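Visitor: just need the structure, nothing else, for what follows:
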Amino acid sequence: MGLHRIMIWQRRGERRLRSGRPRIFAALFLFGWAVFLMLDLHIIEIMIWAFALNHMGLIVHAYDAIYFCANGYTTLGMGKMELEEHWRVISPIIGISGLFTFAWTTSALVDVVASHRLVMNQMEEEREQQIRMRFALRKKQWDALKAEREAERTDKENIRKAATGHWLFRRFRVWHEEREIVAELRKRYRSEMEELQHQERLKEKEAAAEAAAGDPEGKQPQ
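Guide: Residues are numbered from 1 along each chain as shown. So this is what the prediction gives:
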C-alpha cells in the first residue's frame, strides 16, 4: 500500500512538472523524495516486525528486537539471538518478506528512474527552447531600443534645425514640443517592450502545453 501510494504521488508530481515551466531542482527533489520514502517503507516494516516480537514477549528488549528483525529482514543472518524452539520459523518468514519487498521495491525504482529520466530530458529541451526564445526577445528589445533612439535623435535634430533663427519664445515652444515628442517615443518603446514580453510568456506557455499534450502521462521506455 505504501509503495503504491508513493508511485501515485510521484506520477502526479511529474504531471505537474510537465505542465508548467521547467523546474529542474523540483524534479530532482521529487525523485530523491520518492527514493527516500521507499527506504522509509523498509524501516517501517522492520519496526512492525520488531514491535510484534517484542509485544508477544519473544524478545524482551526493543532494541534487541529491532536488531534481530533487521538482520532477518535483510537476510544477513548475523544476529546471535535465537527465538524459542517453537518460534524459530518466524526468522525465515521475516527473511522471505524482506526478499519479496526488496524485489518489489527494485522493480518500482526502475520505473521511477526511467520516468525521471524522461522528465529531465523534456525539461532540458524546454529549457533550451526558452533560452532561444529569450535570446530572440532580447534581440528584438535591442532592435526596438536602437530604432527608438535613432528616431529620437532624428526628431531632435529636425526640431533644433526648425528652431534656428527664431525668437527666444519660439525656441522655448520648440523645446517643449521636443520634450513631448521624446516622451511619446519612450512611452511607445515601453509599450512595445511590454508587448514583446507578453508574447514571449505566451509562447513559453504554449510550448509547455504542447509538450504536456504530446506526453500527458509520461511515456515509459519499452
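Visitor: just give me how far stretch 2-11 sits from the chain centre.
Guide: Relative to the mean C-alpha coordinate of its chain, stretch 2-11 is positioned 18 Å out (CA atoms, centre = their mean, to the nearest Å).
Visitor: in it, what counts as buried?
Guide: 3, 6-7, 10-11 (16 or more other CB atoms under 10 Å). Any C-beta I mention is one placed from the backbone N, CA and C, and that applies to glycine too.
Visitor: could I get the full set of helices for the protein?
Guide: Along the chain, the segments classed as helices by DSSP state H run 2-19, 24-55, 62-73, 90-163, 168-214.
Visitor: which of those helices sits most buried?
Guide: Mean neighbours per residue, mean count of other CB atoms under 10 Å, is largest over the helices of the chain for helix 62-73, with a mean of 20.
Visitor: show me what that helix is packed against.
Guide: helix 24-55, helix 90-163 (3 or more CB pairs under 8 Å, 6 or more residues apart in numbering; DSSP states H and E).
Visitor: what mean pLDDT does that helix have?
Guide: Mean per-residue pLDDT for helix 62-73: 90.
Visitor: in the protein, what helix or strand scores lowest on average pLDDT?
Guide: Least confident helix or strand of the chain, by mean pLDDT, DSSP states H and E, is helix 168-214 with a mean of 65.
Visitor: I'd like the distance between Leu30 and His55.
Guide: Look at Leu30 and His55: by CB to CB, to the nearest Å, they are 37 Å apart.
Visitor: oops, could you answer that again for Ala34 instead?
Guide: If you measure Ala34 against His55 using CB to CB, the figure is 31 Å.
Visitor: now Leu118
Guide: Distance from Leu118 to His55, by CB to CB: 45 Å.
Visitor: just His4 next, same as before
Guide: In terms of CB to CB, His4 sits 27 Å off from His55.
Visitor: again, but for Phe135
Guide: Applying CB to CB to Phe135 and His55 gives a distance of 65 Å.
Visitor: same check, this time on Phe36
Guide: Taking CB to CB as the measure, Phe36 falls 28 Å from His55.
Visitor: pretty sure Glu45 sits against Ser97.
Guide: Yes: with contact defined as CB atoms under 8 Å, Glu45 reaches Ser97; the gap is 7.3 Å.
Visitor: any shared contact partners between those two?
Guide: Tyr73 (CB atoms under 8 Å, 6 or more residues apart in numbering).
Visitor: state the mean pLDDT of stretch 36-47.
Guide: On average, stretch 36-47 scores 94.
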